[in-house]
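Chemist: Give me the fold of what follows.
(one chain, ligands or ions: 1)
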Amino acid sequence: MKLLHLDSSIQGETSASRAVSAAIVARLRATHEGLDTRYRDLAADPLPHLTLPGYATGEAAAVLDEFLEADIVVIGAPMYNFGMPSQLKAWFDHILVAGKTFRYGANGPEGLAGAKKVIVALSRGGVYSQGPAAPMEHAEAHLRTMLGFIGVSDVEFVVAEGVALGAEQRETAIEAAFAHAGRIAPVAAAA
Ligand SMILES: Cc1cc2nc3c(=O)[nH]c(=O)nc-3n(C[C@H](O)[C@H](O)[C@H](O)COP(=O)(O)O)c2cc1C
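Modeler: Okay, the predicted model is just below:
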């Protein structure tokens, strides 16, 4: 089985989403023998913004192939300015390609990348799962929309939120995310 591991936080060693995505990958390695793992750091090596000549060609085509080949994709996704980092959005811009990951048929859009599991390590400074800030959550919502559009329905979010609300809350949130990572069920190989 092939695993693609992405990180997109600019916060290096102190990043919550990087710590959680690493814990998820460690769990998957422990539960899947011989897992072939690829890593891409979208903050250290950002992908170019979309251009018409560069659309679905060159590096973008390689990025798309890497995604299509993966059985499991683990994405480290911090919330920046209420959504995902632009580096991660740029990756999705190279992944949502008509004819490759979706197509328009008689019944409207149809996702073509369904046979995958995607696990997102999402970290948020504030609390958005409930309360007054919930309508301002555009990271998880946007990720779910894009993944759903390309047919990926097996999506699991491992969330650490409230990490900017004090040291104790940060630690509790990250520990809860580590515990969640440790419970992730093995992924069945695609037929
Ligand atoms: C540039 C930047 C923008 C941020 N914007 C938000 C925000 O809109 N809402 C929020 O709750 N937290 C925000 N935060 C806090 C991050 O979500 C929090 O630090 C989280 O841990 C980021 O993940 P990371 O540690 O993996 O980088 C922001 C942090 C940075 C560095």
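
Chemist: Distance of residue 99 relative to the ligand?
Modeler: 33 Å (C-beta to the nearest ligand atom, to the nearest Å). C-betas here are computed from N, CA, C, even on glycine.

Chemist: Now residue 102: phi and psi?
Modeler: Note on residue 102: its backbone torsions stand at phi -160, psi 160 [degrees, to the nearest 10].

Chemist: tell me which element the residue nearest in space to the middle of the chain falls in.
Modeler: Central residue of the chain (C-alpha atoms, centre = their mean): residue 75, 2.8 Å from the mean position. Element membership of residue 75, judged by DSSP states H and E, is strand 72-78.

Chemist: Would you give the sheet partners of that strand, along with the direction of each?
Modeler: Using DSSP bridges, strand 72-78 pairs in its sheet with strand 2-7 (parallel), strand 117-124 (parallel).

Chemist: Contacts for whatever helix or strand comes next after it, please.
Modeler: As assigned by DSSP H and E, the chain's next helix or strand after strand 72-78 is helix 86-95. With C-beta atoms under 8 Å, 6 or more residues apart in numbering as the test, helix 86-95 has contacts from 6, 8, 40, 42-43, 46-50, 56, 60, 63-64, 67, 75, 77, 83, 101, 146, 150.

Chemist: Restricted to helices, list those.
Modeler: Counted as lying in helices by DSSP state H, out of these, are 60, 63, 64, 67, 146.

Chemist: what's around the third one, how many residues?
Modeler: Spelled out, it's residue 64. 20 (other C-beta atoms under 10 Å).

Chemist: And the last one, by the same measure?
Modeler: By the measure other C-beta under 10 Å, the count of residues near residue 146 is 18.

Chemist: so what's it up against?
Modeler: 92, 95, 96.

Chemist: switch the cut-off to 7 Å
Modeler: The contact partners of residue 146, by C-beta atoms under 7 Å, 6 or more residues apart in numbering, come to 92, 96.

Chemist: Return the distance of it relative to residue 189.
Modeler: 25 Å (C-beta to C-beta, to the nearest Å).

Chemist: Could you tell me what pLDDT the model assigned to the residue sitting furthest away from the middle of the chain?
Modeler: When distances are taken from the C-alpha mean of the chain, residue 106 lies farthest, 29.9 Å away, according to C-alpha atoms, centre = their mean. Residue 106 carries a pLDDT value of 92.
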